[in-house]
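*Asks:* Give me the fold of what follows.
(2 chains)
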Amino acid sequence: GQNIDQPTEMTATEGAIVQINCTYQTSGFNGLFWYQQHAGEAPTFLSYNVLDGLEEKGRFSSFLSRSKGYSYLLLKELQMKDSASYLCAVRDGDYKLSFGAGTTVTVRA
Amino acid sequence: GAVVSQHPSWVICKSGTSVKIECRSLDFQATTMFWYRQFPKQSLMLMATSNEGSKATYEQGVEKDKFLINHASLTLSTLTVTSAHPEDSSFYICSATGPLDYEQYFGPGTRLTVT
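*Replies:* The predicted structure is shown next:
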């Protein structure tokens, strides 16, 4: 099975940077995903890492270290619309996703 | 591209009745679809994996006789909650594996309320 940990809540001001950490213990690893989920809506795909290193996509970047079982999602130039829950998910060898509990990010003016 | 739809978006039913939720991949063929359940302020929990033309694989603790899954075509999977009870009230979300290996696209979810 998978054990995925991420902080419950984070607060930051508009224009700032926030880093959401995720640690995992897995019985099989086939990629790590980050999703954004607004209240009452389905998750939307943000990023995918399968190799170590940093993946940058506009204001969002994601990092993975497989040896440490660690990833982070970096949100730059925060906007009010970035207030949402951010889910870290690990895919196992059977291509099933296991999700962390999610980190609620609140962006304040 | 890679759009997944769900129907209905919300449903209210009485205890003891059955409810069917449809999940469709609109512009791609999905050999594998997944069904998740999400309770308020909790994360998504995988219920079952559905492959076209074969029986669904259920996660531990999920009653396969209560949550019937049918994946009759490459674009449609259905989840039927049989004899629903108030504790089945939840947000049900499906996803489908997209054209690229790592992609998993989520439907908009169905909010089920059992009274």
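*Asks:* alpha carbons only for contacts and neighbour counts from here, please
*Replies:* Noted.
*Asks:* Tell me the residues on chain B that lie near chain A, please.
*Replies:* For chain B, the residues in contact with chain A (CA under 8 Å from any CA of the partner chain) are B:42-46, B:49, B:93, B:102, B:104-109.
*Asks:* Where does confidence bottom out across those residues?
*Replies:* Lowest pLDDT of these: B:Tyr102, 67.
*Asks:* Count residues in the vicinity of B:Glu63, would you?
*Replies:* 12 (other CA atoms under 10 Å in any protein chain shown).
*Asks:* that's a helix at it, yeah?
*Replies:* No: applying DSSP: H, G, I helix; E, B strand; the rest coil, one finds B:Glu63 to be coil, outside a helix.
*Asks:* where's it relative to B:Ala56, distance?
*Replies:* To B:Ala56, B:Glu63 is 12 Å away according to CA to CA, to the nearest Å.
*Asks:* what's the answer for B:Thr31, then?
*Replies:* From B:Thr31 across to B:Ala56, the span is 12 Å (CA to CA).
*Asks:* Which residue is the nearest non-sequential neighbour of B:Ser50?
*Replies:* B:Ala56 (4.5 Å; CA to CA, 6 or more residues apart in numbering or on different chains).
*Asks:* for the helix or strand of chain A with the lowest mean pLDDT, packing partners?
*Replies:* Sorting the helices and strands of chain A by mean pLDDT, DSSP states H and E puts strand A:2-5 at the bottom, at a mean of 87. Packing partners of strand A:2-5 (3 or more CA pairs under 8 Å, 6 or more residues apart in numbering or on different chains; DSSP states H and E): strand A:18-26, strand A:84-91, strand A:97-99.
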